[in-house]
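Student: predicted model and sequence below, questions to follow.
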Amino acid sequence: GKFKQLGYLKALATARLLELGFDVLLSDADAVWLGDPWPWIGSRAGGQPSADAGDLPLADVLASNDMPDLRRDGQPDSVYNSGV
């Protein structure tokens, strides 16, 4: 349906931006950022990542789900949230 088509177009646009060398952050429309997320997920424009970021800046792709309790991650009632 239309929702899957939109997801496909979003993936194509994201891939193109990455090919052009841009950093891309996709977020749901109902998400709220209370600060700049880049220090946590990787440096931008030569800046240094936060010391608390751990290995996150080394990742090529980061994803989340709707289950903030990692001990329950992967359980049948947890839902993967791709944002698409």
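Tutor: Yep, that arrived. Numbering: from 1, shown residues only.
Student: would you map the helices across the chain?
Tutor: 2-19, 38-41 (DSSP state H).
Student: lowest-confidence stretch among the ones you listed?
Tutor: For the helices of the chain, mean pLDDT drops lowest on helix 38-41, to a mean of 73.
Student: before we move on, the earlier item: tell me which of the helices of the chain sits most buried.
Tutor: Sort those by mean neighbour count, taking mean count of other C-beta atoms under 10 Å, and helix 38-41 sits at the top with a mean of 16. Where C-beta positions appear, they are placed from N, C-alpha and C, glycine not excepted.
Student: just put the helices of the chain in CSV and tack on distance to Gln48.
Tutor: Formatted as CSV, the helices of the chain follow (distance: least, C-beta to C-beta, whole Å):
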stretch, distance to Gln48
helix 2-19, 22
helix 38-41, 8
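Student: out of these, which gets nearest to Val32?
Tutor: Taking C-beta to C-beta, helix 38-41 is the member of the helices of the chain nearest to Val32, at 15.0 Å.
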